[in-house]
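Participant: this is a predicted model, with the sequence first.
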Amino acid sequence: MNPMKKESLKDKLSHYKNSPGSLVLLISVLLCAALTVLTLVFIVIYILVRGIPNLSLSLFSPTYNSENVSMLPAIINTFIMTLISLLIAVPLGIFSAIYLVEYAKRGNKLVGIIRMTTETLSGIPSIVYGLFGFLFFLTTLKLGYSILSGALTLAIMILPLVMRTTEEALKSVPDSYREGSFGLGAGKLRTVFRIVLPPAIPGILSGVILATGRICGETAALIFTAGTGTKIALNIMSSGRTLAVHMYNLSSEGLHVEECYATAVILLVLVALINGLSGLLAKKLSKG
């Protein structure tokens, strides 16, 4: 075993000696990877060092006032906003991707237009989505500054992401699965939901995780649609700020910088928990 490993290592080294360009590319990739990891670690450590000492029980009070800028209402509003946005965008994105991959004919011009549109929507700045939500949901539909307006705007924002990740996950399922199902007499709908979707669930969940992270970190779109209300949104027509908007307001005021860093810690932990739980769920589903 060891001689084979030594020989393979020597072969690699000799290959890089004979190809200086490959060695340069290898070093560049390693340096970029190390720089990315170090940057991420620095940001996380900086937030934790600045934020943890400023955490206190008063920041989790159910009421927000000028003396105590509690983040508990923002935490609850973040969960509500995320849930409503995902309930709207995830079914639409998954079913749209199923149509594009499983039902639409290959080479269809309509499919090409839809894919080009989704890619274009993915690159639009969030402030543009916020202005659209303000003009359409608030001005035209008269929904006002509310959780519903913000959730609808965020659903439009994350819809292209869910569609593209679901589409790629469905394409990764081998065609032999479909052919075997059709050969056994199963219909198209049964094949899609019983044979194709289960192996694609981990890939679909990865898109949902990315969408959840974007919802939790969004500010510009929500300021124009959901508003900056400091109370817990008792219904979807009430205005309410999320954790990201809460952080933005505290930092822009400049009066509660310490509490802003404490809020950043909670937001970081919240996103990490969501990603971790989703990853565990994806592993269980893939093993099952």
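Facilitator: Nice, I can see it.
Participant: check which helix or strand covers residue 90.
Facilitator: Secondary structure assignment for residue 90, by DSSP states H and E: helix 72-98.
Participant: next one: residue 181
Facilitator: Going by DSSP H and E, residue 181 is part of helix 175-183.
Participant: contacts for that helix, please.
Facilitator: 190-191, 194-196, 199 (Cβ atoms under 8 Å, 6 or more residues apart in numbering). Bear in mind the C-beta positions are built from the backbone N, C-alpha and C, glycine included.
Participant: can you list these in JSON lines and add distance to residue 174, secondary structure and neighbour count?
Facilitator: Shown next, in JSON lines, are those (distance: Cβ to Cβ, whole Å; DSSP: H, G, I helix; E, B strand; the rest coil; neighbours: other Cβ atoms under 10 Å):
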{"residue": "190", "distance to residue 174": "18", "secondary structure": "helix", "neighbour count": "12"}
{"residue": "191", "distance to residue 174": "13", "secondary structure": "helix", "neighbour count": "19"}
{"residue": "194", "distance to residue 174": "15", "secondary structure": "helix", "neighbour count": "11"}
{"residue": "195", "distance to residue 174": "10", "secondary structure": "helix", "neighbour count": "17"}
{"residue": "196", "distance to residue 174": "10", "secondary structure": "helix", "neighbour count": "20"}
{"residue": "199", "distance to residue 174": "9", "secondary structure": "helix", "neighbour count": "16"}
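Participant: quick one, strands of the chain?
Facilitator: Ranges of strands within the chain: none, based on DSSP state E.
Participant: care to break it down by domain?
Facilitator: Domain assignment for the chain by automatic domain parsing gives 2-54, 61-287.
Participant: ok, and which of those has the densest surroundings?
Facilitator: Among the domains of the chain, domain 61-287 has the highest mean neighbour count (mean count of other Cβ atoms under 10 Å), at a mean of 17.
Participant: so for it, mean pLDDT?
Facilitator: Mean pLDDT, computed over domain 61-287, is 87.
Participant: what's the separation between residue 215 and residue 113?
Facilitator: Counting by Cβ to Cβ, to the nearest Å, the gap from residue 215 to residue 113 is 27 Å.
Participant: excluding chain neighbours, what is closest to residue 50?
Facilitator: Distances taken as Cβ to Cβ, 6 or more residues apart in numbering place residue 261 nearest to residue 50, at 4.2 Å, with adjacent residues excluded.
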